[in-house]
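**Student:** Need the 3D shape of this:
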Amino acid sequence: DADVVIGNPPFLGGKLLIGGLGEDYVSGMFATWKGRVPPEADLVCYWFAKAGRQVGAGKAKRVGLVATNSIRGGANRRALLAATEGCPIFDAWSDEPWVIDGAAVRVSLVCFSGAADKFRPGTRLNGEPADEIHSDLTARRGGAGIDLTVAKRIPANMGVAFMGDTKSGPFDVPGDLAREWLRLPANPNGRPNSDVLKPWVNGMDLPRRPAGKWIVDFGWEMPEAEAALYEAPFAHVKEHVWPIGSGTGGSRIVSTGGGMSNRDRACGRRLTGSRATSSRRPSPSIGCSTGWRRVSARTISTSSSRATTM
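**Tutor:** Model prediction:
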């Protein structure tokens with residue numbers, strides 16, 4: 001038991017958890033906190049969840065934690081909402097610079113307490129008085145302010161658009177290595193590596209100098225035996241991607257599904273005519289001793305070029 005929980009827990013993005021902590025550890029963590037912390041959430045959210053549970057159980061009175069500023073949205077915000085259920089946020093700084101050991105990041109500072117805390121100070125957001133602080137770290141002041149966290153999806157928009165597939169493993173390769181593969185002679189199947197090697201760009205490549213990355217993409221129908229004939233790209237995937245997805249448990253890098261879901265197919269039909277098309281690609285098929293497993297190089301391909309985007 002403690003009166004106050006204060007800390008600066010570690011940050012680690014949801015997509016980096018398995019690579020940083022190992023699949024067995026992460027699978028156990030997901031199972032332990034299922035229903036409280038979404039699997040996509042940052043590692044820091046687990047500290048909020050545990051602290052919130054301590055307050056709810058009467059084992060702590062107040063909590064003050066540093067978090068990545070992304071705790072204000074997405075899966076991180078949902079974790080914060082669950083952690084502070086019945087425990088009002090009474091003080092917060094939504095987006096502050098944080099420099100330590102040369103690393104510059106943006107953070108949020110969040111303080112909450114039990115609803116029965118009679119000595120809780122007045123509510124303040126970013127140093128200014130507030131009536132209430134929402135889980136996205138915005139506030140209601142003087143009766144004004146909209147809680148956007150309770151907004152509902154518009155039924156008319158359902159099925160019109162959807163988030164395209166996202167790369168879920170280290171399938172990207174540096175430009176120099178990609179160009180080296182492109183210069184290699186034809187593979188044993190007589191095909192060039194350009195069949196499965198594509199430029200890889202994301203939104204940051206538009207306002208900045210392009211990163212020059214490429215990605216290995218075997219599509220979602222190619223069997224392992226056929227993929228293996230693209231010798232250099234396949235060897236890279238086996239060395240750098242397969243070890244991450246070869247364990248057991250609820251890995252988001254390993255998927256046994258195939259093809260697009262019915263929802264995605266419906267969305268694709270409704271988006272006909274758009275220059276951009278998307279497809280759910282669960283992967284180059286990589287075999288293992290327990291049967292087929294698919295290591296997901298999930299991508300969005302544009303119809304106007306060979307570029308593949310995040």
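**Student:** which stretches of the stretch 101-250 of the chain have low pLDDT?
**Tutor:** Applying pLDDT under 70 to the stretch 101-250 of the chain flags the ranges 102-104, 162-166, 168, 244-250.
**Student:** which stretches of it form strands?
**Tutor:** Assigned by DSSP state E, counting those that start in this stretch, the stretch 101-250 of the chain shows strands spanning 103-113, 124-125, 128-129, 132-133, 139-140, 172-173, 197-201, 213-216.
**Student:** Pick the most deeply packed of those.
**Tutor:** Neighbour counts (mean count of other C-beta atoms under 10 Å) averaged over each of the strands of the stretch 101-250 of the chain peak at strand 213-216, with a mean of 23. Glycine gets a C-beta too; all of them are placed from N, C-alpha and C.
**Student:** Can you lay out the strands of the stretch 101-250 of the chain as a markdown table showing distance to residue 43?
**Tutor:** Below are the strands of the stretch 101-250 of the chain laid out as a markdown table (distance: least, C-beta to C-beta, whole Å):
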| stretch | distance to residue 43 |
| --- | --- |
| strand 103-113 | 14 |
| strand 124-125 | 25 |
| strand 128-129 | 30 |
| strand 132-133 | 23 |
| strand 139-140 | 27 |
| strand 172-173 | 22 |
| strand 197-201 | 26 |
| strand 213-216 | 25 |
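**Student:** Of these, give the one that comes closest to residue 19.
**Tutor:** strand 172-173 (13.3 Å; C-beta to C-beta).
**Student:** Against residue 16, how distant is residue 191?
**Tutor:** As for residue 191, its distance to residue 16 is 34 Å (criterion: C-beta to C-beta, to the nearest Å).
**Student:** Going along the chain, name the helices of this structure.
**Tutor:** With DSSP state H as the criterion, the chain has helices at 17-21, 23-32, 44-56, 74-83, 175-182, 224-227, 231-240, 242-245, 262-270.
**Student:** Tell me what angle the longest one forms with helix 74-83.
**Tutor:** Yep, that's helix 44-56 we're talking about. Angle of helix 44-56 versus helix 74-83, following axes from the mean of the first three to the mean of the last three C-alpha atoms, to 10 degrees, is 10 degrees.
**Student:** Likewise for the second one?
**Tutor:** Orientation note: helix 23-32 sits at an angle of 50 degrees relative to helix 74-83 (the same axes, to 10 degrees).
**Student:** now for helix 23-32, which elements pack on it?
**Tutor:** Other helices and strands packing on helix 23-32, by 3 or more C-beta pairs under 8 Å, 6 or more residues apart in numbering; DSSP states H and E, are helix 17-21.
**Student:** Across the sheet, point out what pairs with residue 105.
**Tutor:** residue 98 (DSSP bridges).
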